[in-house]
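Engineer: Sequence and predicted structure are below.
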Amino acid sequence: MDNQRRDNELDLSRFGEYLLRSRIVAEKYAPYYVRWVRKFMAQATVAPGLGIEDRITVYLDWLRGNVESWQLDQAEKAVRLYFSHYLSLTGTEVGATEVRRDELGYVSKVEVMSATRRLIQLRHYSHATELTYLNWIERFFLYMDGVEKPIKEGTSKVTPQSVTDYLAYLAVNRRVASSTQNQAFNALLFMCREVLRVDLGDVSHNIRSHQGARLPVVLSAEEVKALFSHMSGTSRLMAALIYGGGLRVMECCQLRVKDIDFHNNLIFVRRGKGDQDRSTILAESIKPALVAHLAGVKALHEQDLAKRYGEVALPGALAVKYPNAGKEWCWQYVFPSRILSVDQRDGKIRRFHATDTAIQTAIRDAVRAAGIAKPASVHTLRHSFATTLLLNGVDLRQIQTYLGHKKVETTMIYTHVVKDMRNPATSPLDMLG
């Protein structure tokens with residue numbers, strides 16, 4: 001028994017180190033997570049022979065009534081992290097935050113990609129961020145294959161100099177925009193700092209591009225009307241929601257039925273940019289079309305249920321906490337995909353949300369058909385939402401809340417646009433008479 005206790009304490013010590021190294025939880029909370037798992041181990045001996053889910057249930061019932069609700073949630077998360085992530089690692093925790101190097105310092109691209117994907121998912125970054133980061137890491141390794149001759153295929157030696165060379169290659173040879181180069185830098189910084197533990201030093205100051213201030217493209221009310229007149233169906237409804245509430249395109253695609261509040265004319269954005277929730281405006285004029293659209297979506301959902309499908313993916317660990325919630329109407333996407341597909345994470349067949357491709361294409365075609373001589377896109381509708389509110393006297397702070405900007409300085413860019421639209425100066429040419 002003493003040996004078992006010593007082994008448990010050693011394992012818990014490693015679990016604490018894992019939490020700190022992977023930064024899954026804030027440093028100040030790591031000791032509490034270890035403490036909850038220690039209590040779980042002590043209590044689990046009372047009910048031996050149960051499966052892990054039953055053991056967790058017994059543990060939480062044992063805690064309930066003696067701790068606050070937030071402590072109960074923290075305890076459950078700690079135990080699930082321990083069993084679902086920490087214990088699933090092997091050896092030196094390859095695949096979590098570390099990657100094996102050979103004697104010359106070379107690393108495997110496959111291991112780096114796997115480790116990066118795992119850490120991104122552990123930190124609950126968005127799926128779009130995961131795809132973007134992995135895409136840039138893939139490109140980086142392809143570049144390294146072309147400039148060096150690796151000892152073993154599929155391996156490269158990642159150094160601050162190789163990252164600097166690649167960023168310079170993007171700027172000089174590929175002539176990418178500064179925003180694109182910065183996106184690549186962020187992906188490689190995450191790979192080096194969080195996965196490979198490579199210090200890039202002053203790379204960000206030496207090679208990273210700095211973009212000057214750019215005024216957003218906006219549409220007038222007449223141009224928006226012309227744009228909508230060349231759209232129809234679901235694409236028009238999505239465009240109207242984006243313009244009416246200042247949504248980002250993926251925020252619109254990922255809306256769920258429960259996020260539409262018809263009584264208070266509100267749209268709730270869940271886990272938006274920066275993992276932030278917020279509410280924004282639901283236009284009164286769009287409600288009839290939205291109600292009719294949801295009736296069709298509900299009929300489609302009922303058809304899926306009849307075929308023993310109809311379970312939508314849920315955020316975080318809600319599927320574990322509420323096993324049947326994924327089939328409930330309130331959790332379904334407002335704009336579901338036309339086809340069923342396999343969820344690569346658990347192998348289940350689900351109907352995901354619509355992609356942004358259709359709405360992007362519809363907006364592009366409508367801009368051309370309306371004869372609008374501006375490089376307008378879906379995001380232009382969000383810019384136009386902000387400038388229109390400013391022109392109508394809405395407070396800047398309120399607009400910041402609607403848009404979900406962390407800093408008011410980001411929202412202030414629209415004041416420069418509105419200034420030119422509201423009180424344009426008279427041209428000297430017109431003063432000649």
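Structural biologist: That came in fine, so what should we check first?
Engineer: At which residues are the helices of the stretch 1-150 of the chain located?
Structural biologist: For the stretch 1-150 of the chain, the helices identified by DSSP state H, counting those that start in this stretch occupy 2-22, 30-44, 52-63, 69-81, 109-122, 127-147, in order along the chain.
Engineer: Can you add mean pLDDT and give those back as JSON lines?
Structural biologist: Formatted as JSON lines, the entries for those read as follows, by pLDDT from 0 to 100:
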{"stretch": "helix 2-22", "mean pLDDT": "72"}
{"stretch": "helix 30-44", "mean pLDDT": "85"}
{"stretch": "helix 52-63", "mean pLDDT": "81"}
{"stretch": "helix 69-81", "mean pLDDT": "86"}
{"stretch": "helix 109-122", "mean pLDDT": "83"}
{"stretch": "helix 127-147", "mean pLDDT": "89"}
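Engineer: Nearest residue to the middle of the protein?
Structural biologist: Ser126 (2.2 Å; C-alpha atoms, centre = their mean).
Engineer: rewinding a little: the helices of the stretch 1-150 of the chain into a markdown table, with extra columns for mean neighbour count and distance to Lys327?
Structural biologist: C-beta here means a position set from N, CA and C on the backbone, and glycine is covered the same way. Shown next, in a markdown table, are those (neighbours: other C-beta atoms under 10 Å; distance: least, C-beta to C-beta, whole Å):
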| stretch | mean neighbour count | distance to Lys327 |
| --- | --- | --- |
| helix 2-22 | 14 | 33 |
| helix 30-44 | 17 | 31 |
| helix 52-63 | 15 | 20 |
| helix 69-81 | 17 | 22 |
| helix 109-122 | 19 | 24 |
| helix 127-147 | 16 | 22 |
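Engineer: What part of the chain, helix or strand, is modelled with the least confidence?
Structural biologist: For the chain, scoring each helix and strand by mean pLDDT, DSSP states H and E identifies helix 203-206 as the least confident one, at a mean of 60.
Engineer: name the helices or strands packed onto the next helix or strand after it?
Structural biologist: Next in sequence after helix 203-206, counting helices and strands by DSSP states H and E, comes helix 221-229. The helices and strands touching helix 221-229, judged by 3 or more C-beta pairs under 8 Å, 6 or more residues apart in numbering; DSSP states H and E, are helix 233-245, helix 357-370, helix 378-391.
Engineer: Only the buried residues of helix 221-229, if you could.
Structural biologist: Buried residues in helix 221-229, defined by neighbour count with 16 or more other C-beta atoms under 10 Å: 223-224, 226-228.
Engineer: can you list the residues that contact it?
Structural biologist: Helix 221-229 is touched from outside by 219, 236, 239-240, 243, 363, 366-367, 370-372, 374, 376, 381, 384, 388, with contacts defined as C-beta atoms under 8 Å, 6 or more residues apart in numbering.
Engineer: and if we set it to 10 Å?
Structural biologist: Applying C-beta atoms under 10 Å, 6 or more residues apart in numbering, the external contacts of helix 221-229 come out as 218-220, 236, 239-240, 243, 362-363, 366-367, 369-374, 376, 380-381, 384-385, 388, 391.
Engineer: Just the buried residues of these.
Structural biologist: 218-219, 236, 239-240, 243, 362-363, 366-367, 370, 372, 376, 380-381, 384-385, 388.
Engineer: Columns distance to Phe262 on top of the helices of the stretch 1-150 of the chain, output as TSV?
Structural biologist: Listed next are these as TSV, based on distance: least, C-beta to C-beta, whole Å:
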stretch	distance to Phe262
helix 2-22	42
helix 30-44	41
helix 52-63	36
helix 69-81	30
helix 109-122	35
helix 127-147	29
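Engineer: Can you check which of those gets nearest to Val417?
Structural biologist: Distance to Val417, taken as C-beta to C-beta, is lowest for helix 127-147 among these, at 27.1 Å.
Engineer: Now do Asn66: how many residues are near it, please.
Structural biologist: Burial measure for Asn66: 8 neighbouring residues, criterion other C-beta atoms under 10 Å.
Engineer: Quick check: the gap between it and Ile56.
Structural biologist: 17 Å (C-beta to C-beta, to the nearest Å).
Engineer: before we move on, what about Arg197?
Structural biologist: Where Ile56 is concerned, Arg197 sits at a distance of 33 Å (C-beta to C-beta).
Engineer: And for Val394?
Structural biologist: As for Val394, its distance to Ile56 is 48 Å (criterion: C-beta to C-beta).
Engineer: Equivalent analysis for Gly347, please.
Structural biologist: Gly347 sits 23 Å away from Ile56, taking C-beta to C-beta as the criterion.
Engineer: do Pro428 as well
Structural biologist: In this structure, Pro428 and Ile56 are separated by 76 Å, where distance is defined by C-beta to C-beta.
Engineer: List the contacts of the nearest residue in space to Ile286 that is not next to it in sequence.
Structural biologist: Nearest-residue entry for Ile286: Ala240, 5.1 Å, with adjacent residues in sequence omitted and distances by C-beta to C-beta, 6 or more residues apart in numbering. In this structure, Ala240 makes contact with 224, 228, 231, 252, 283, 285-286, 289-290, 381, judged by C-beta under 10 Å, 6+ apart.
Engineer: Make JSON lines from the residues you listed and add distance to Ile120 and pLDDT to it.
Structural biologist: Conversion of the contacts of Ala240 to JSON lines gives the following (distance: C-beta to C-beta, whole Å; pLDDT from 0 to 100):
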{"residue": "Val224", "distance to Ile120": "37", "pLDDT": "95"}
{"residue": "Phe228", "distance to Ile120": "37", "pLDDT": "96"}
{"residue": "Met231", "distance to Ile120": "35", "pLDDT": "96"}
{"residue": "Cys252", "distance to Ile120": "24", "pLDDT": "96"}
{"residue": "Ala283", "distance to Ile120": "35", "pLDDT": "94"}
{"residue": "Ser285", "distance to Ile120": "40", "pLDDT": "94"}
{"residue": "Ile286", "distance to Ile120": "35", "pLDDT": "95"}
{"residue": "Ala289", "distance to Ile120": "37", "pLDDT": "96"}
{"residue": "Leu290", "distance to Ile120": "34", "pLDDT": "97"}
{"residue": "Leu381", "distance to Ile120": "29", "pLDDT": "96"}
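Engineer: most neighbours, which of these?
Structural biologist: Neighbours were tallied for each of the contacts of Ala240 (criterion: other C-beta under 10 Å), and the maximum of 28 neighbours falls on Leu381.
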